[in-house]
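K.L.:
here are the coordinates; sequence isn't available:
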């Protein structure tokens, strides 16, 4: 009987940058794995901005959407503050029915042009979380694909030229796009020192987590299940894994 093949080691992500923009579909998306990495980077003095495409208003079954919108935006701002992020924007697109296409690319390109990041962070947008059976959600897939294209769109002055007013200029300075928790991740970062802040950041989504399953969701246990395997591949206790798309090679 053959021995199981160990996952390949993760290559450390580059950290020679100063500005990052994180664009995800919902409040809580960054907290399910990437927030501890954000805490590491803000602790290094880097600037990280959050952009939420929706407000997660369809995410709490027992709460009407408009109330959920207010609650989830408040929880996201509190969660971001835990990891040192003080700029949180909401695009207000409809939760649960995002579609990949030009309107979504346009909205994200505008944010990229305003904030001028070197690194853009999003969530896994592959069809599954595990490369096999654990299906991803449609909003995540649409957002991640649009982020990848919008990072390129932002650098072309002839794409969405109506945005280039009031001091906003094209931005071709995105070097890489990182998709957190992708089953194709080949890069990672040591979050051992900031793991607890990542857990606290997820716990700040109290109303949302209370509505999951039977209400017994354990944030620390869940994040351990992600961070330990990534850490093993990095040779550390806790890690965060990313699939890296290179723009700086073009």
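P.N.:
Sure thing, it's come through. Model, not experiment: these values are computed from the prediction.

K.L.:
wasn't residue 22 part of a helix?
P.N.:
No: read with DSSP: H, G, I helix; E, B strand; the rest coil, residue 22 is strand and lies in no helix.

K.L.:
now it: how far from residue 246?
P.N.:
When distance is defined by Cβ to Cβ, to the nearest Å, residue 22 is 18 Å away from residue 246. Quick note: C-beta positions are derived from backbone N, CA and C, even for glycine.

K.L.:
between these two, which one's more packed in?
P.N.:
Neighbour totals were compared for residue 22 and residue 246, and residue 22 leads with 27 against 9 (other Cβ atoms under 10 Å).

K.L.:
checking the nearest residue to the more buried one once chain neighbours are set aside next. Helix, strand or coil?
P.N.:
Using Cβ to Cβ, 6 or more residues apart in numbering and skipping the chain neighbours, the partner closest in space to residue 22 is residue 121 (4.1 Å). Here residue 121 is recorded as strand under three-state DSSP.

K.L.:
what bridges to residue 21?
P.N.:
residue 49, residue 120 (DSSP bridges).

K.L.:
any idea how many residues pack against it?
P.N.:
A total of 27 residues lie near residue 21 under the criterion other Cβ under 10 Å.

K.L.:
my guess is it contacts residue 118. True?
P.N.:
No: using Cβ atoms under 8 Å, residue 21 makes no contact with residue 118, being 9.1 Å away.

K.L.:
kindly state the pLDDT recorded for residue 112?
P.N.:
Among the per-residue scores, residue 112 holds a pLDDT of 98.

K.L.:
I appreciate the help and will end here.
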